[in-house]
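Visitor: Build the 3D model from these lines:
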Amino acid sequence: MAVDPSPNSSAGGEQAAPKPPFKDPKKKKDEKKEEDLSEEDLAFKQQLELYVERVQDADPGVQKFALESMRKEIRTATSSMTSVPKPLKFLRPHYGTLKAYFETMLDSDLKKYLADILSVLALTMSAEGERESLKYRLLGSEEDIGSWGHEYVRNLAGEISQEFAKRQYDDMPLDALMELVQQIVAFHMKHNAEPEAVDLLMEVEDLDLLIEHVDATNYKRACLYLTSSSSYLPSPDDVLALDIAYTIYMKFEDYASALRIALFIDNIQYVKQVYTSTEDLLLKKQFSYIIARHGLALELDDDIAADDDDKEALQDIVNNVKLGEGYLTLARDVEVMEPKSPEDIYKAHLIDGRASASSSLDSARQNLAATFVNAFVNAGFGQDKLMTVPSESTSGGSSGSWLFKNKEHGKASAAASLGMILLWDVDNGLAQIDKYLHSNDNHVVAGALLGVGIVNCGVKNDCDPVSCLLRVPTGAVISLFGCTLSHMEFCYLFIFFQALALLIDFVNKEDTIIRIGAILGLGIAYAGSHKDELKVRLSLILGDPKTPLEVLVFSAITLGLVYVGSCNEEIAQSIIFALMDRSDTELNEPLIRLLPVALGLLYLGKQDSVEATAEVSKTFNEKIRKYCDVTLLSLAYAGTGNVLKVQKLLGICAQHLDKGETHQGPAVLGIALIAMAEELGLDMAIRSLEHLLQYGEQNIRRAVPLALGILCISNPKVNVMDTLSRLSHDTDGDVSMAAIISLGLIGAGTNNARIAGMLRNLSSYYYKEAGHLFCVRIAQGLVHLGKGLLTLSPYHSDRFLLSPMALAGLVTVLHACLDMKSIILGKYHYLLYVLVLAMQPRMLMTVDETLKPLSVPVRVGQAVDVVGQAGRPKTITGFQTHSTPVLLAAGERAELATEKYIPLTRVLEGFVILRENPDYRDDH
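Guide: Coordinates of the predicted model:
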């Protein structure tokens, strides 16, 4: 006997047990499946197999019975789709047989019946890309598509989009497909699946069809999905989606929502159409509040309001005349009317002993910082502890004494701070600033002129003295005093003309600082107004070869602010020629970087419209060419969320450049400006900026904190706060200063205790560094902006609308901060006042039908994204109930907590008019 070589064999030579025969695991699995079936399932499987045989029977009657039985079984099973239905599972092996038999059948109703069944079976059995479900549906009977269940309809919609693309490419007829689309859309709209209906219509490029299928129960959800998805659509599909949403809102008379869409796509015709679509004056007043918050300079005509009194009332609201009054009502309600001094903000007693030593360091710089802190903290309150203190008995008043604690250009910022303190209060503001217009010190006069502009920011007064003076020759002013005026009116007119005669005379003034004060004042007062008189005056300055560079730059910035987003070719040419005429020496000046910004502001958010100007910019001197190109690109696509442009700017940041190249800074800012449009892009941009910090060149690292600042402006996200806190101790001075300013920007108007603590520690850390300490003070002032009642965020209306004027102000200041040492820490610190364009109360103020404040309970909580959710999901979470007026933080939303009143707009922000609910019955 042969020896068994197996090591497992026993020593006694016993033979190993024989191995069991090999079984195919797949076969085994199928057998097990058969055994697992219950008797009931086995009987059902055999029944279906019998139907398959009978379908192939020669007798049409037998065929018909088998097909109808099979249809019935499949239909009852597909009504719920939590798992693969049994009929589909058991018919899997027979799919090929049925397909083959189908091809042999003659055209008849029975063949159509079988096509319907094959179309449903293809749902689980068709090979990918074959689109068999759709193929058999088109060959089948034209009965109700929804009877086969929701999953079948959804699968069919997916196949239609592929087939549509193919047929369109091959230039084949689409009629049969479009009939099917009609049925599917109708089914989806009836079954709370609006997003799927919209997606299908976008795929087949026929969104207009949606208008027929929406009704009063689902139009809000459909429009919400349209407006949200528009952020992710390429141009021009995004505007088309918004256009359809506008049409639907108008169809269902949701005019306030339609107005927001009209403002978003910047269509003045649509805005006027909304006004003329209703006779309800109260509703028109609500529209005017929305327009005023957006900052649109709209002149109302007789079509909008035929009655002169009504037109005047509406125009007053559009002109923001009552904004200051509402703001102070809010301040009184939250009890913050008491003026605060810079020391109240610094809280030096909470820091160790080093900080007190810093007060002796560069006292003029410290006083200048205190001036800005005082202006920001008391903005709009009309009183403070430095500039508006009542005059003492014999001295010239403490405001005068504080003014002269500043040196030279510091006095300009001190005088202008009065405009910030008296913000939105035009009558009282001009009266108080008037005394500085007669000063012998040119810096004080320049500051007063800038202050006049700041007071008028966002508010258009009846008197509109600037345009009066632009039209009336200086000699003609005297003849006005022959009119019969009350003493008070006479005084105001006198003040207006005294104050603003200088704003016109600036053209003839020789002193540069006065000209700058007047020009920048005009830019702030008339931002977004498209005033032709200013274009004529300032274009002359741009075209004059003798104009000093500073005056030229500020004239360009003012034109950029006044004509923001207008794509005005004349002004663009004036700025282009001014840039081309600069010598190499002038192109090395730090301030020159604001000329491309001014050019970019003309195209803010206008996307492709910038292309012609961008081509011209390629012919500029190489020192400014790339800077201009990147700035134009970033501003034209600001707030659009365009991913391709973000990738292009990231590509620019990835290059390793020679020293002296500065265009990567605006590229970093551009990434933030484009990506800030929606939350997803914003979070991705923050991640990308983290990578740039790790791998980028030094000039990129200097811009990253500012980019983070604009991404989260007035919205202190913890991760961004931590990053900026780390960067505020960076070894590079420019990086740390930018990070400190950005801490102020992300906390602007929030009174955020954590940021306030960080800044106090930084004031102690940098007590010997005058520049850094100045930045810390500015940031402290911004965090406590308006004592916590103001925001710098350019977004409003549930973060849907972007105010161009607010963004223009922020962009100008951020580009100035790219060269902090030369501009902000140099003699152009008054550029910080341009931030006033973005300042708005972060309030909800409810008013009654007479526009008087009305206190009602509201729930304020974190906003919840309900896009694409069926039914009526809760739109806020973690809410608290307050009485209006209330403050709204970033990411918060309010809803009415009473049914006694009906709001005239669905977005409760800013001024909201409430109308009494006629159906309300008080239970008590």
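
Visitor: Any regions of the stretch 301-450 of the chain where pLDDT drops low?
Guide: Residues of the stretch 301-450 of the chain that meet the criterion pLDDT under 70 lie in 352-362, 390-400.

Visitor: can we see that at 50?
Guide: Along the stretch 301-450 of the chain, segments meeting pLDDT under 50 span 355-362, 392-398.

Visitor: For Ala816, see how far away Arg701 is.
Guide: Noted for Arg701: a distance of 18 Å to Ala816, by C-beta to C-beta, to the nearest Å. Where C-beta positions appear, they are placed from N, C-alpha and C, glycine not excepted.

Visitor: Could you tell me which ranges of the stretch 101-250 of the chain sit under the pLDDT cut-off?
Guide: In the prediction, the stretch 101-250 of the chain carries no residues with pLDDT under 50.

Visitor: same thing but at 70, please
Guide: Those would be 126-127, 129, if you go by pLDDT under 70 across the stretch 101-250 of the chain.

Visitor: Okay, helices next: where are they in it?
Guide: Taking DSSP state H, counting those that start in this stretch as the criterion, the stretch 101-250 of the chain carries its helices at 109-125, 132-139, 150-170, 175-190, 194-203, 209-213, 219-229, 237-251.

Visitor: In a markdown table, list these along with distance to Glu338 and mean neighbour count.
Guide: Listed next are these as a markdown table, based on distance: least, C-beta to C-beta, whole Å; neighbours: other C-beta atoms under 10 Å:
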| stretch | distance to Glu338 | mean neighbour count |
| --- | --- | --- |
| helix 109-125 | 71 | 21 |
| helix 132-139 | 71 | 20 |
| helix 150-170 | 61 | 17 |
| helix 175-190 | 56 | 18 |
| helix 194-203 | 51 | 22 |
| helix 209-213 | 55 | 17 |
| helix 219-229 | 42 | 22 |
| helix 237-251 | 44 | 20 |
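
Visitor: Reformat the ones you listed as a markdown table; add distance to Thr662.
Guide: As requested, these are exported to a markdown table (distance: least, C-beta to C-beta, whole Å):
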| stretch | distance to Thr662 |
| --- | --- |
| helix 109-125 | 60 |
| helix 132-139 | 57 |
| helix 150-170 | 45 |
| helix 175-190 | 53 |
| helix 194-203 | 42 |
| helix 209-213 | 48 |
| helix 219-229 | 38 |
| helix 237-251 | 33 |
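
Visitor: And for Leu50, the neighbour number?
Guide: 12 (other C-beta atoms under 10 Å).

Visitor: now for the helix or strand encompassing it, which elements pack on it?
Guide: Using DSSP states H and E, Leu50 sits in helix 39-55. Packing contacts for helix 39-55, counted by 3 or more C-beta pairs under 8 Å, 6 or more residues apart in numbering; DSSP states H and E, involve helix 60-78, helix 86-91, helix 95-104.

Visitor: CA atoms only for the shortest one, dumped as PDB, please.
Guide: If I follow you right, that is helix 86-91. These are the backbone C-alpha positions of helix 86-91, laid out as PDB (Å, rounded to 0.1, in the frame of the first residue of the first chain):
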ATOM      1  CA  LYS A  86     -41.900  40.500  -5.900                       C
ATOM      2  CA  PRO A  87     -43.400  40.500  -9.400                       C
ATOM      3  CA  LEU A  88     -40.400  42.300 -10.800                       C
ATOM      4  CA  LYS A  89     -38.100  39.900  -8.900                       C
ATOM      5  CA  PHE A  90     -39.800  36.800 -10.100                       C
ATOM      6  CA  LEU A  91     -40.200  38.000 -13.700                       C
END
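
Visitor: Give the buried residues for it.
Guide: Lys86, Pro87, Leu88, Phe90, Leu91 (16 or more other C-beta atoms under 10 Å).

Visitor: Now for those: which two are most distant?
Guide: Lys86 and Leu91 (9.3 Å; C-beta to C-beta).

Visitor: State the distance from the nearest residue to Val198 once chain neighbours are set aside to Gly868.
Guide: Closest residue to Val198 apart from its sequence neighbours, by C-beta to C-beta, 6 or more residues apart in numbering: Tyr225 at 5.4 Å. According to C-beta to C-beta, Tyr225 and Gly868 sit 6 Å apart.

Visitor: cool, and Pro853?
Guide: Taking C-beta to C-beta, one finds Pro853 at 37 Å from Gly868.

Visitor: Then Glu849?
Guide: Distance from Glu849 to Gly868, by C-beta to C-beta: 36 Å.

Visitor: For Met172, which non-adjacent residue is spatially closest?
Guide: That would be Lys166: by C-beta to C-beta, 6+ apart, it lies 8.0 Å from Met172.

Visitor: host element of Thr723?
Guide: Secondary-structure assignment from DSSP H and E places Thr723 in helix 718-727.

Visitor: Give the rounded mean pLDDT of that helix.
Guide: The average of the pLDDT scores along helix 718-727 is 92.

Visitor: same check, this time on stretch 906-914
Guide: pLDDT averaged over stretch 906-914 gives 92.

Visitor: Residues contacting that stretch, please?
Guide: Contacts to stretch 906-914, defined as C-beta atoms under 8 Å, 6 or more residues apart in numbering, come from residues 254, 256-257, 260, 282, 285-286, 289-290, 293, 326, 796-798, 800, 840-841, 843-849, 851, 854, 856, 858, 888, 893-896, 901-905.

Visitor: which residues are in contact with both of Tyr225 and Gly868?
Guide: Glu194, Pro195.

Visitor: Tell me how far stretch 54-74 lies from the chain's centre.
Guide: 60 Å (C-alpha atoms, centre = their mean, to the nearest Å).

Visitor: before we move on, what about stretch 197-212?
Guide: In terms of C-alpha atoms, centre = their mean, the centre of stretch 197-212 is set 26 Å apart from its chain centre.

Visitor: still on that earlier bit, from the contacts of stretch 906-914, which land in helices?
Guide: Ala256, Ser257, Arg260, Leu282, Lys285, Gln286, Tyr289, Ile290, Arg293, Gly326 (DSSP state H).

Visitor: any idea where the helices of the stretch 651-800 of the chain begin and end?
Guide: Here the stretch 651-800 of the chain has its helices, by DSSP H, counting those that start in this stretch, at 664-675, 679-695, 698-711, 718-727, 733-746, 753-765, 770-783.

Visitor: other SSEs contacting the second one?
Guide: Counting contacts by 3+ C-beta pairs under 8 Å, 6+ apart, helix 679-695 is packed against helix 643-653, helix 664-675, helix 698-711, helix 718-727.

Visitor: Go again with 7 Å.
Guide: helix 664-675, helix 698-711 (3 or more C-beta pairs under 7 Å, 6 or more residues apart in numbering; DSSP states H and E).

Visitor: can you list contacts of the last one?
Guide: It stands for helix 698-711. 653, 662, 664-665, 668-669, 671-673, 676, 682, 685-686, 689, 692-693, 720, 723-724, 727, 732, 734-735, 738-739, 741-742, 745-746, 810, 814, 817-818 (C-beta atoms under 7 Å, 6 or more residues apart in numbering).
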